[in-house]
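Peer 1: sequence and predicted model, in that order:
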Amino acid sequence: MTKRGDSKNRTEEGRRILLGHIKGKGLRWTKQRDAVLAAFLKANAHLSAEELYGLARKCCPDVGFATVYRCMNLFVEAGIAKERRFNDERVRYEPNVMAEHHDHLICLKCGVISEFEDERIEKLQELIASAKGFKVKHHRMELYGLCNKCDDS
């Protein structure tokens with residue numbers, strides 16, 4: 001599974017990165033930004049802004065949806081989060097703090113997103129690219145199908 005460190009270390013690193021980023025932009029640290037960041041990194045999942053809004057409000061009831069949306073744009077800009085669009089084309093955010101490369105399995109029925117890593121796939125991609133005289137800078141692999149739970153239904 002993807003090695004992202006524990007939630008506490010991930011959150012501390014995220015705060016360090018965000019603090020440097022917002023200082024450079026002349027912005028200030030707010031309790032709402034902190035609540036959104038902590039909820040996002042603690043969840044360690046592929047969340048929509050709506051889902052994150054629900055999580056952030058649990059620890060900071062006065063955070064608004066627009067704040068969550070602006071925070072996520074700021075987190076992407078700072079490199080703390082990645083924007084992803086899977087099969088439903090809805091923007092989801094994935095933590096990018098202390099993260100290593102991984103690929104995704106997406107269930108077409110329930111929408112669950114599972115991460116996986118396989119060195120054999122990575123090596124095969126490099127071999128294919130090399131044979132074609134191509135240098136891979138980055139890639140994304142998403143496999144769509146049915147998870148075990150939905151396949152039994």
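Peer 2: Nice, thanks for sending it over.
Peer 1: and for the residue nearest to Lys42 when sequence neighbours are not counted, the neighbour number?
Peer 2: Excluding its sequence neighbours, the residue lying closest to Lys42 (CB to CB, 6 or more residues apart in numbering) is Ser7, at 5.0 Å. The way it works is simple: take the backbone N, C-alpha and C, and place the C-beta from them, glycine included. Here the number of neighbours of Ser7 (other CB atoms under 10 Å) works out to 13.
Peer 1: so what's Ser7 up against?
Peer 2: Residues near Ser7 by CB atoms under 8 Å, 6 or more residues apart in numbering: Leu41, Lys42, Asn44.
Peer 1: again, but for Ala39
Peer 2: Shown in contact with Ala39 (CB under 8 Å, 6+ apart): Leu52, Leu55, Ala56, Lys58, Cys59.
Peer 1: rewinding a little: most surrounded residue in the contacts of Ser7?
Peer 2: Leu41 (26 neighbours).
Peer 1: what is the mean pLDDT for the helix or strand harbouring that residue?
Peer 2: Here Leu41 is covered by helix 31-43, with elements defined by DSSP states H and E. Mean pLDDT, helix 31-43: 94.
Peer 1: give me the domain ranges for the protein.
Peer 2: 7-95, 103-151 (automatic domain parsing).
Peer 1: just these: most buried one?
Peer 2: domain 7-95 (a mean of 17; mean count of other CB atoms under 10 Å).
Peer 1: just want the most central residue of this structure.
Peer 2: Among the residues of the chain, Glu94 comes closest to the average C-alpha position under CA atoms, centre = their mean, at 0.6 Å.
Peer 1: name the element that residue belongs to?
Peer 2: Assigned by DSSP H and E, Glu94 falls within strand 91-95.
Peer 1: quick one: list the elements packing against that strand.
Peer 2: Secondary-structure packing of strand 91-95 (3 or more CB pairs under 8 Å, 6 or more residues apart in numbering; DSSP states H and E): helix 31-43, helix 49-59, helix 65-78, strand 81-85.
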